[in-house]
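Asker: any chance you could fold what I've pasted below:
(one chain, ligands or ions: 1)
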Amino acid sequence: MAGEPILIVEDNPTNLKLAKLLLTVEGYEVRTAVDAEEAVKVLATFHPRLILMDLQLPGKNGLDLTRELKADPHFKDILIVALTAYAMKGDEDRAKAAGCDGYMTKPVSATTFPIEIADYLQKQATLAK
Ligand code: MN
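Answerer: As a prediction, this is how the structure comes out:
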């Protein structure tokens, strides 16, 4: 749904720019962070419905940040979709074990990415009924 808040956590500038552009065009309210520390700062004032979480981040990685957020009653309702490099075998299992609700592989595709995000939001809306 248009206007829904989404946070993108991604340290790769090209991926971050593309994902932000694609979601902004769809009408989402998009915020970004380049690492876990910045993500926590954004989350102090912005409560997204979905976080697109790159797993490989400088400093604290996306799996550890996901575990922390899912253990916090204030944040555990946020849908977290892991984003990782295609070649990283085993990441899907690790993402799910850490509490991620979904998983996507890079590169971000201009055609399928917005549809996948919409699907995650729709599924969650259905489950909440
Ligand atoms: Mn990364």
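
Asker: kindly list the longest strand within the protein.
Answerer: The single longest strand within the chain, with elements called by DSSP state E, is strand 79-85.

Asker: which element is the residue sitting nearest the centre point of the chain on?
Answerer: The structure's the chain has its C-alpha centroid closest to Leu52; by C-alpha atoms, centre = their mean the separation is 1.1 Å. Leu52 is part of strand 50-54, with elements assigned from DSSP states H and E.

Asker: check which residues of the longest strand of the chain are buried.
Answerer: Of the residues in strand 79-85, those with enough neighbours to count as buried (16 or more other C-beta atoms under 10 Å) are 79-84. (C-beta placed from N, C-alpha, C; glycine too.)

Asker: who does the closest residue to Tyr28 other than its chain neighbours bridge with?
Answerer: If you skip the residues right next to it in sequence, Tyr28 has Ile6 as its closest partner in space, 4.8 Å away by C-beta to C-beta, 6 or more residues apart in numbering. The partner list for Ile6 in beta bridges (DSSP bridges) reads Val30, Leu50.

Asker: circling back to that earlier point, now the angle from the strand holding Leu52 to strand 79-85?
Answerer: Relative orientation of strand 50-54 and strand 79-85, computed by axes from the mean of the first three to the mean of the last three C-alpha atoms, to 10 degrees: 20 degrees.

Asker: pull the residues that contact strand 50-54.
Answerer: Outside of strand 50-54, the residues within contact range by C-beta atoms under 8 Å, 6 or more residues apart in numbering are 4, 6-12, 15, 19, 39, 62, 65-66, 69, 78-84, 100, 104, 117, 120-121, 124.

Asker: 6 Å - rerun?
Answerer: Outside strand 50-54, the residues within contact range by C-beta atoms under 6 Å, 6 or more residues apart in numbering are 6-10, 62, 66, 78-83.

Asker: of those, which is the nearest to Lys89?
Answerer: Within the contacts of strand 50-54, proximity to Lys89 (C-beta to C-beta) peaks at Ala82, which comes in at 14.0 Å.

Asker: I figured that closest one was touching Ala95, is that so?
Answerer: Yes. Here Ala82 reaches Ala95: they are 3.8 Å apart, a contact under C-beta atoms under 6 Å.
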